[in-house]
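S.K.: Got a sequence here, can you model it:
(2 chains)
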Number of protein chains: 2
Amino acid sequence: MFDKIAFLGLGNLGTPIAESLIEAGYELTVWNRTASKAEPLAKLGAKVVEDPMDAITEGGLVISVLADDAVLEDVFSMELIEKLGKGGIHISMSTISPETARQLSKIHDWYGSTYVGAPIFARPDAVKAKVGNIAISGKSDAREAVKPILQTFVKGIFDFGEDPGAANVVKLAGNFMIAASLEMMAEAFTMAEKNGISRQSIYEMLTQTIFAAPIFQNYGKLVAANKYEPVAFRLPLGLKDIKLTLETAERVNVPMPFADIVRNRFVSALAKGREDMDWGALALGASDDSGN
Amino acid sequence: MFDKIAFLGLGNLGTPIAESLIEAGYELTVWNRTASKAEPLAKLGAKVVEDPMDAITEGGLVISVLADDAVLEDVFSMELIEKLGKGGIHISMSTISPETARQLSKIHDWYGSTYVGAPIFARPDAVKAKVGNIAISGKSDAREAVKPILQTFVKGIFDFGEDPGAANVVKLAGNFMIAASLEMMAEAFTMAEKNGISRQSIYEMLTQTIFAAPIFQNYGKLVAANKYEPVAFRLPLGLKDIKLTLETAERVNVPMPFADIVRNRFVSALAKGREDMDWGALALGASDDSGN
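M.R.: Now for the predicted structure:
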């Protein structure tokens, strides 16, 4: 249905996604705030534009992988959405507030285009390996129309129905659970370590048995070594996500005591100058508190 | 090396373990405080005794799967350990305080016998399916001598060295992580639910993707349905374990904020009359707090 795609946002995740789409045969027009990041894609044959408006075609498809709510709202101006217009579809892959997704969806409705929420669970290497997973929600026609496109670069697509904010609720819940898993391992490994057991040995047992899931195996490696480089997802982005989780929960009167603790771990990590580490570095808090 | 085993404690876990040992060809003498629970084993050929002392043979092997520290210390009197005597080995499979294990080990040393800590990660059905895992620690000769016996009924044995308390530190860390996983899912699923997403659908996505581990798949089913029956592990036992975790952590000056929250969830569950539910019912706390 769509063979041309406007692609906005070429960060750690956006770039490998755009690359996969080119590989799959789509014609991409790409835009990024920092223009230099578009160069590798230009080499693959993408058309590069300096203004996101120039990427948009009437009734076309636009995919955005932008940093946060503010950038998304800034780029998706009324003017841009009006240009996208009738029949146009916007696949929004950022982790944003479900409320922002719902508001943006209403503006799309007004101009005859459709907003589809499709945040992805994947670190950049998982995108490259095409083993990421997408939560999707939004109007059913548009959802079905874009699934074949998304399927070219992920393992699974999980459908959460009509509410344009639903996919982001799921994404926030998942990211909260990852952050909580980091804290959980940090507390357990530190307790073991100060009892004379190596962090590595308890990591190995638990992640080969009852916690044999990618999150524990991959992030657990960082927590076992207490090293949070190289950076796949910067710590301030983790704080952003946990704040969105707490806001989304508070809006429907759900207290989340674990999320409160995790939020404070991130805030404290910033206080200690850890803003350039991977978000896994929230796990250093348990070591700090234990005098390690 | 040992073909006769004294087996003390025939609860939910003890019974299937004893059954597996009989199947594997060992000659068992069994004892349980409530004698009627020994009947099924008598039918399989086990010798049943009314006093644990009568199960013990000098220089022999005794396996205990007793409820808690107090019962273990009560059954393993000085008299009993003296009778076990030189060359005897005690495999202690209960989840107890590492400190209790270390103390008991010293008494064994005095009488020439050896204490081996070997708590098992498995619910009763996992024991039956022989997919449980054991953390083991204690003196190296004894540890190596008993591994072939344990291997008859588990999938993996993970060795944590000489400290007789180490295996129980690992077991407590693991049980804490299970309890924290329950709370984590409870908060995430409740947040999703009050945003209009079914608990079942978010459970399915997360446990088929980044949280595809037995703990999340099995316990997540309970949390998704918010039903905590049938009971595999009673809630008061969960509180016991988290209290042991906090004690073990405090002894080495490790604060565990997640464990504090989990402890309060258990205490509140008792206040609400949930003592006969599975320990997964700690997850009801997040629903209660959200007015669900």
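
S.K.: how about the top helix by length along chain A, does it reach chain B?
M.R.: For chain A, the helix that runs over the most residues, judged by DSSP state H, is helix A:166-193. Yes. Legend: contact between helix A:166-193 and chain B by C-beta under 8 Å from any C-beta of the partner chain is shown at A:166, A:169-170, A:172-174, A:176-178, A:180-181, A:183-185, A:187-192. To be clear about C-beta, it is placed using only N, CA and C from the backbone, and glycine gets the same treatment.

S.K.: what packs against whichever helix or strand A:K83 is part of?
M.R.: Assessed by DSSP states H and E, A:K83 sits inside helix A:78-84. Using 3 or more C-beta pairs under 8 Å, 6 or more residues apart in numbering or on different chains; DSSP states H and E as the contact criterion, the elements in contact with helix A:78-84 are helix A:98-111.

S.K.: how much distance is there from the helix it packs on to the middle of the chain?
M.R.: 19 Å (C-alpha atoms, centre = their mean, to the nearest Å).

S.K.: can you tell me if it touches chain B.
M.R.: Yes. Helix A:98-111 lies within reach of chain B by C-beta under 8 Å from any C-beta, at A:P98.

S.K.: most distant residue from the middle of chain A?
M.R.: A:G196 (37.4 Å; C-alpha atoms, centre = their mean).

S.K.: Can you verify my assumption that it contacts B:V170?
M.R.: No. Look at A:G196 against B:V170 with C-beta atoms under 8 Å: they stay out of range, at 11.2 Å.

S.K.: follow-up on the earlier one: next, the nearest residue to the residue farthest from the centre of chain A once chain neighbours are set aside: secondary structure please.
M.R.: Excluding the flanking residues, the one nearest A:G196 by C-beta to C-beta, 6 or more residues apart in numbering or on different chains is B:D163, at 5.9 Å. Per DSSP: H, G, I helix; E, B strand; the rest coil, the local secondary structure of B:D163 is coil.

S.K.: In this structure B:D163 contacts B:E99, no?
M.R.: No. Look at B:D163 against B:E99 with C-beta under 8 Å: they stay out of range, at 11.3 Å.

S.K.: With neighbour numbers in mind, choose between the two.
M.R.: Looking at B:D163 and B:E99 with other C-beta atoms under 10 Å in any protein chain shown, you find the greater number of neighbours at B:D163, namely 19 against 15.

S.K.: With B:W110 as the reference, measure out to that one.
M.R.: For B:D163, the distance to B:W110 (C-beta to C-beta, to the nearest Å) stands at 18 Å.

S.K.: do the same with A:K147
M.R.: 70 Å.

S.K.: Near the residue of the stretch 1-150 of chain A found nearest chain B, how many other residues are there?
M.R.: Proximity of the stretch 1-150 of chain A to chain B (C-beta to the nearest C-beta) peaks at A:N133, 4.4 Å away. When neighbours are counted by other C-beta under 10 Å, A:N133 registers 20.

S.K.: again with the one 4 residues further on
M.R.: With neighbours defined by other C-beta under 10 Å, the count for A:S137 comes to 28.

S.K.: The strand or helix carrying it - what's its average pLDDT?
M.R.: Element membership for A:S137 (DSSP H and E) is strand A:133-138. Strand A:133-138 comes out with an average pLDDT of 98.

S.K.: How about stretch A:233-249?
M.R.: Mean pLDDT, computed over stretch A:233-249, is 96.

S.K.: wait, does that stretch contact chain B?
M.R.: Yes. Judged by C-beta under 8 Å from any C-beta, stretch A:233-249 and chain B are in contact via A:245, A:248-249.
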